[in-house]
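**Q** Got a predicted structure plus its sequence, pasted below:
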Amino acid sequence: MKIIDIIKGDKPSFSFEVFPPKTEEIFEPVKDTALKIADLKPSYMSITYGAGGGTSKFTADIAASIQEKGVPSLAHLSCISSTKERIQEELTMLKEKGIENILALRGDIPQGMNMDHLDYHYASELAEDIKNFGGFCIGGACYPETHPDSVNAEQDIENLKKKIDCGVEFLVTQMFFSNDIMYNYMYRLLKAGIDVPVVPGIMPITNAKQVATAAKLSNSFVPQSFLRIVDRYGSNPAVMRQAGIAFATEQIIDLYANGFNAVHIYTMNKPDVAAAIMNNVSEIIK
Ligand code: FAD
């Protein structure tokens, strides 16, 4: 099933992201974890793509296994370290495995990478190739707090428009911890004429160490209200887990209440956290 039809449907969409293993040895346990999350029956699940692409088969295999459970999957695919030829092979593999949805990404630029003679520079070029290949619903990433490589926020939104012109049908956001930032971003997207569905991505922070890593990786602002929780309860894992789930739940309920019909949860491969949050919003998404 195409993700665009799910997120445009009448029923609120509630979906999960999982990541694949880095090595073959742990493929089975990681797949089992992903399938446990699929057992919760979210609207769909996305599976990330390892930087560099060395684990792309794991992404495709886990995406296919999730679909066997009756949950549509969205396979991430990045292009910066790839070639035109290899992308055609990846698209063929995904199609053969019955995957219908791809999140088209550039990927982070590896340190010291020689930018001359690359086949791909931006996700828009990948989206165009996927569109020409045919048969896939294409999503793209967006950044409420601006992508770190961008000159400024306006330019980032102008570039986002190019990605949509190249075939991206819906957007999934980088994590954010203040909904006001998201609402302001939506206003700016609409002003720029971007009207494809935008799915907010929410990361439940369930341990103190995660705060700094997540904020650094995503360039996200962390509100004082959450920093106070970390200050007071950071050394108590049980309280941090409970407070992190509550904070994310509050964000999600507020997003649905403000008119979003789809929310995506970065599960960090934690079935218990995914289940707890889903349970907290069960009446909203049923
Ligand atoms: P792009 O859309 O290409 O944008 C990258 C930068 O280039 C931006 O600053 C943009 O403004 C600028 N730009 C775009 N087009 C142009 C143009 N035509 N001219 C000039 N500038 C331009 N990474 C992974 O490795 N694997 C994953 O599975 C993965 N999943 C992700 C899922 C989500 C929801 C998000 C938000 C990010 C994910 N990432 C993943 C991280 C992502 O790969 C990085 O953030 C990467 O640096 C940018 O990818 P992009 O697709 O957003 O790039």
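**A** Ah, there it is.

**Q** so does stretch 185-194 get close to the ligand?
**A** No: residues of stretch 185-194 are not located near the ligand by CB under 6 Å from any ligand atom, the shortest gap being 12.5 Å. Every C-beta, even on glycine, is put in place using the N, C-alpha and C of the backbone.

**Q** With stretch 255-263 instead?
**A** No: legend: contact between stretch 255-263 and the ligand by CB under 6 Å from any ligand atom is lacking; minimum distance shown is 12.5 Å.

**Q** Mind listing what's buried along that stretch?
**A** Leu255, Tyr256, Phe260, Asn261, Ala262, Val263 (16 or more other CB atoms under 10 Å).

**Q** what about this structure, any weak spots by pLDDT?
**A** Low-confidence regions of the chain, defined here as pLDDT under 70, do not occur.

**Q** what about the helices in it?
**A** 3-7, 27-38, 56-68, 84-96, 123-133, 153-165, 179-191, 208-218, 224-233, 237-257, 271-280, 282-285 (DSSP state H).

**Q** beta partners of Phe104?
**A** Careful, residue 104 is Ala; it's not Phe. Leu77, Gly140 (DSSP bridges).

**Q** Distance to Ile47 for the helices of the chain - can I get that in TSV?
**A** Formatted as TSV, the helices of the chain follow (distance: least, CB to CB, whole Å):
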stretch	distance to Ile47
helix 3-7	13
helix 27-38	7
helix 56-68	5
helix 84-96	11
helix 123-133	16
helix 153-165	21
helix 179-191	24
helix 208-218	18
helix 224-233	28
helix 237-257	20
helix 271-280	14
helix 282-285	21
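
**Q** I'd like to know which of the ones you listed lies nearest to Cys142.
**A** helix 153-165 (5.7 Å; CB to CB).
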